[in-house]
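1. Okay, here's the prediction I keep looking at, along with the sequence it came from:
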Number of protein chains: 2
Amino acid sequence: SIRNLAMEKVAQTVMFPCKYSSSGCMATMSYTEKPEHEETCEFRPYSCPCPGASCKWQGSLERVMPHLNHAHKSITTLQGEDIVFLATDINLPGAVDWVMMQSCFGNHFMLVLEKQEKFDGLQQFFAIVQLIGTRKQAENFAYRLELNGHRRRLSWEATPRSIHEGVAAAIMNSDCLVFDSSIAQLFAENGNLGINVTISMC
Amino acid sequence: SIRNLAMEKVAQTVMFPCKYSSSGCMATMSYTEKPEHEETCEFRPYSCPCPGASCKWQGSLERVMPHLNHAHKSITTLQGEDIVFLATDINLPGAVDWVMMQSCFGNHFMLVLEKQEKFDGLQQFFAIVQLIGTRKQAENFAYRLELNGHRRRLSWEATPRSIHEGVAAAIMNSDCLVFDSSIAQLFAENGNLGINVTISMC
Ligand SMILES: [Zn+2]
Ligand SMILES: [Zn+2]
Ligand SMILES: [Zn+2]
Ligand SMILES: [Zn+2]
């Protein structure tokens, strides 16, 4: 197949609308720029931020909190910048998720703890915070997750993810608080693990 | 085999000397208490604290620093409570150890970073601090290891190990700063990883 350089040149010049134009995006771009823009387009619908793929809900950012309040009533919400995320029965076998909400600074944050066995025989925990908001809004915050035990402390500080990007990629890349089940035992009491969560503005 | 309860009773009552009595230990104990005592007996000879089993040196605590200065000249020493442990070429394949010494509070601490593949396909780093001193002395100190990157910080605080117990068991149990190679990439620059080490008295 011979490359048609003239046609490629034309394709580079022709401007296409974003596929979320019907949702309000006014951006136009060349064909090669489309995938990158659409991946991060602020008009791309939001998916339900609950971990696991069980809920198929999608909608606008404004509809996310009403969706959570309606369809995921069992999720606990705590108020304040500095709270304790208590994960119970962390020794339950298999892949398990713990989720709670934290409200502060007029925003809602979803705290996620996932237990996975990515590697044979190694149970790992991944803890991360995501903002119910855009990526740009998320950059105004920092979070700290802290495990406190007998003469031991493990802590992780980072920028919250936006629920628009989600947490799956961060967990895949270990770009979150990661610890294995032996560490969890050092910090757990009666099979329950308390994670101190502090949100700050930056 | 029928248990001879009378003989067991006698064995419980007879007192034995510690096997390090020739080194100065005056303790006596029942046969069943011997293993536990001898494992932690302060007269047990110290082994060379360098990670890996290549150096077979053993001796008294007072001889450890002279041994290191003589036989392990290449180990860098930094002075101060707050230093940077720079591990170079962390992407080198296979199991690798990085070691340095930190001197402060009139004591010497050995900083160890080990890279291992305990689980197939998962390169993990284990960082830990051990005191050239007894377990009792180690309890007077705390250490913090901190990785700082772009809008991210990972830190671990704990009591230093004594070189009398060594670091192998702590590394085995993940009772140290543990991170995998994806996290290392987040914090490394040009393949070199700086770990902030702070020692404090408590
Ligand atoms: Zn768009
Ligand atoms: Zn949902
Ligand atoms: Zn003894
Ligand atoms: Zn040696």
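-> That came through, no problem. Ligands and ions are numbered 1, 2, ... in the order given.

2. in stretch A:79-95, what counts as buried?
-> Buried residues in stretch A:79-95, counted by 16 or more other Cβ atoms under 10 Å in any protein chain shown: A:83, A:85, A:87, A:90. To be clear about C-beta, it is placed using only N, CA and C from the backbone, and glycine gets the same treatment.

3. same question but for stretch A:193-202, I mixed them up
-> Within stretch A:193-202, the residues scored as buried using 16+ other Cβ under 10 Å are A:193-195, A:197-199.

4. ok so, going back, dump the buried residues of stretch A:79-95 to TSV, plus distance to residue B:122.
-> TSV is the format used below for those (distance: Cβ to Cβ, whole Å):
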residue	distance to residue B:122
A:83	32
A:85	26
A:87	23
A:90	21
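
5. So which of those sit within strands?
-> Counting by DSSP state E, those place A:83, A:85, A:87 in strands.

6. Around ligand 2, pick out the residues from chain A.
-> Proximity of chain A to ligand 2, by Cβ under 5 Å from the ion, involves residues A:48, A:55, A:57, A:71.

7. Can you name the two of those that sit furthest apart?
-> Pairwise distances across the residues of chain A next to ligand 2 (Cβ to Cβ) peak at 7.7 Å, for the pair A:48 and A:71.

8. overlap in contacts of the two?
-> When contacts are counted by Cβ atoms under 8 Å, 6 or more residues apart in numbering or on different chains, the set common to residue A:48 and residue A:71 consists of A:55, A:57.

9. These two: who's more crowded?
-> residue A:48 (20 against 12; other Cβ atoms under 10 Å in any protein chain shown).

10. how near is the more buried one to residue A:57?
-> Taking Cβ to Cβ, to the nearest Å as the measure, residue A:48 falls 4 Å from residue A:57.

11. okay, and the common contacts of these two?
-> With contacts defined as Cβ under 8 Å, 6+ apart, the residues adjacent to both residue A:48 and residue A:57 are A:67, A:71.

12. Return the alpha-carbon coordinates of the helix or strand of chain A with the lowest mean pLDDT using CSV.
-> Lowest on mean pLDDT, DSSP states H and E among the helices and strands of chain A sits helix A:5-13, with a mean of 74. Taking Å, rounded to 0.1, in the frame of the first residue of the first chain, the C-alpha atoms of helix A:5-13 are listed here in CSV:
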residue,chain,number,x,y,z
LEU,A,5,0.8,11.8,1.2
ALA,A,6,-1.4,14.4,-0.4
MET,A,7,-4.5,12.8,1.2
GLU,A,8,-2.7,12.6,4.6
LYS,A,9,-1.9,16.3,4.3
VAL,A,10,-5.6,17.1,3.6
ALA,A,11,-6.7,14.8,6.5
GLN,A,12,-4.4,16.8,8.8
THR,A,13,-5.9,20.1,7.6
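
13. and for that helix, what are the contacting residues?
-> Residues outside helix A:5-13 that contact it (Cβ under 8 Å, 6+ apart) are A:30-32.

14. Determine how far it lies from the middle of the whole chain.
-> Offset of helix A:5-13 from its chain centre (Cα atoms, centre = their mean, to the nearest Å): 38 Å.

15. and if you look at stretch A:104-121?
-> In terms of Cα atoms, centre = their mean, the centre of stretch A:104-121 is found 7 Å from the chain centre.

16. give the contact list for the spatially most central residue of chain A.
-> For chain A, the residue nearest the mean C-alpha position is residue A:167 (3.1 Å; Cα atoms, centre = their mean). Each residue near residue A:167 by Cβ under 8 Å, 6+ apart is listed here: A:51, A:112, A:128, A:130, A:161, A:176.

17. where does the third one fall, helix, sheet strand or coil?
-> Translated: residue A:128. With DSSP: H, G, I helix; E, B strand; the rest coil as the basis, residue A:128 sits in strand.

18. And the pLDDT at it?
-> pLDDT, residue A:128: 98.

19. The last one now?
-> Turning to residue A:176, the model gives it a pLDDT of 97.

20. what does the fifth one give?
-> In this prediction, residue A:161 carries a pLDDT score of 97.

21. Could you verify my assumption that it touches residue A:168?
-> No: counting by Cβ atoms under 8 Å, residue A:161 stays clear of residue A:168, with 9.8 Å between them.

22. what about those two, which has more around it?
-> Of the pair residue A:161 and residue A:168, residue A:161 is the one with more neighbours under other Cβ under 10 Å, namely 26 against 13.

23. List the residues that contact that one.
-> A:128-131, A:138, A:167, A:170.

24. Make a markdown table from those and add distance to ligand 3 to it.
-> Output for those, formatted as a markdown table (distance: Cβ to the ion, whole Å):
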| residue | distance to ligand 3 |
| --- | --- |
| A:128 | 49 |
| A:129 | 50 |
| A:130 | 55 |
| A:131 | 58 |
| A:138 | 58 |
| A:167 | 53 |
| A:170 | 51 |
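
25. Out of those, give me the two with the largest separation.
-> For the contacts of residue A:161, the farthest-apart pair by Cβ to Cβ is A:131 and A:170; their separation is 12.9 Å.

26. more neighbours, those two?
-> Shown here are residue A:131 and residue A:170; by other Cβ under 10 Å, residue A:131 has more neighbours (25 against 17).

27. distance of the more buried one from residue B:146?
-> From residue A:131 to residue B:146 the distance is 25 Å (Cβ to Cβ).

28. Next, work out how far apart the closest residue to residue A:101 other than its chain neighbours and residue A:161 are.
-> Nearest residue to residue A:101, sequence neighbours excluded (Cβ to Cβ, 6 or more residues apart in numbering or on different chains): residue A:77, at 4.1 Å. For residue A:77, the distance to residue A:161 (Cβ to Cβ) stands at 19 Å.
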